[in-house]
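Visitor: sharing a model prediction with you, sequence too.
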Amino acid sequence: GAVVSQHPSRVICKSGTSVKIECRSLDFQATTMFWYRQFPKQSLMLMATSNEGSKATYEQGVEKDKFLINHASLTLSTLTVTSAHPEDSSFYICSARDRSLGVETQYFGPGTRLLVL
Amino acid sequence: GQNIDQPTEMTATEGAIVQINCTYQTSGFNGLFWYQQHAGEAPTFLSYNVLDGLEEKGRFSSFLSRSKGYSYLLLKELQMKDSASYLCAVRAGYQLTFGKGTKLSVIP
């Protein structure tokens, strides 16, 4: 199946700093990528939809100025958590939309575990 | 909006068959996905149904009834490595909404 990578896999930062997470589709072009957040023992919650070449669409309750998304190319989307606080500590997962085989699905990256101290 | 329900936990014996149900109410429907997620890892794609019926893929099968808003994931010949959370996700447009997941424990 299609491969999606995320970097870094784990990050620990101080409160107030910014953290950038990269999401790459390795063997297909993804015009649309999605960013999810998952708290322990909870399901994935969609944060935003990232469209190549245009502004991201944020879900209700997600601050666009805090979670900056840039989808600069067909294979790369970045999520920057600005001025991170301990409550932002979570598992962030991206997925990329693959339509190349005629069956549309989403493939997930391995996730980034963020811990804000 | 979307509302997706699936059991919180299930336990089954190694070598047995287990069925994980998912019911949904949605304002638009464009397919249903099942994902497997091991603890601490991202979900991995298992199956996709957009038409009614059964889709079989090795030990895993998925069924969909759009009129009933119902799907199930069937796992045969259970192995210990199948212990994981199984997420049902409904697509409306191109966005996925996930259920809370069913934690499956496979015991010897």
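Guide: Received it, and whenever you're ready, just let me know what you need.
Visitor: for chain B, what are the nearby residues on chain A?
Guide: A:1, A:32, A:34, A:42-46, A:49, A:91, A:93, A:95, A:97, A:103-111, A:113 (CB under 8 Å from any CB of the partner chain). Placement of C-beta: from N, CA and C, glycine included.
Visitor: report the buried members of the residues you listed.
Guide: Buried residues within the residues of chain A next to chain B, counting neighbours by 16 or more other CB atoms under 10 Å in any protein chain shown: A:32, A:34, A:43-46, A:49, A:91, A:93, A:95, A:97, A:104-111, A:113.
Visitor: for the worst-scoring helix or strand of chain B on mean pLDDT, packing partners?
Guide: Lowest mean confidence among the helices and strands of chain B (mean pLDDT, DSSP states H and E): strand B:95-98, at a mean of 84. Strand B:95-98 sits against strand A:45-51, strand B:2-5, strand B:84-92, with contacts defined as 3 or more CB pairs under 8 Å, 6 or more residues apart in numbering or on different chains; DSSP states H and E.
Visitor: right, and the helix or strand after the second one?
Guide: Using DSSP states H and E, the next helix or strand after strand B:2-5 towards the C-terminus is strand B:9-13.
Visitor: flag every buried residue along the strand or helix carrying B:Y72.
Guide: Applying DSSP H and E as the criterion places B:Y72 in strand B:70-75. Across strand B:70-75, burial judged by 16+ other CB under 10 Å covers B:71-75.
Visitor: what's the answer for stretch B:17-29, then?
Guide: Using 16+ other CB under 10 Å as the test for burial, stretch B:17-29 gives B:18, B:20, B:22-24, B:26, B:29.
Visitor: let me have these in a markdown table, adding secondary structure, distance to chain A and pLDDT as columns.
Guide: Below are the buried residues of stretch B:17-29 laid out as a markdown table (DSSP: H, G, I helix; E, B strand; the rest coil; distance: CB to the nearest CB, whole Å; pLDDT from 0 to 100):
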| residue | secondary structure | distance to chain A | pLDDT |
| --- | --- | --- | --- |
| B:V18 | strand | 20 | 97 |
| B:I20 | strand | 14 | 98 |
| B:C22 | strand | 12 | 98 |
| B:T23 | strand | 15 | 97 |
| B:Y24 | strand | 13 | 95 |
| B:T26 | strand | 14 | 85 |
| B:F29 | coil | 14 | 88 |
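Visitor: brilliant, that's me finished.
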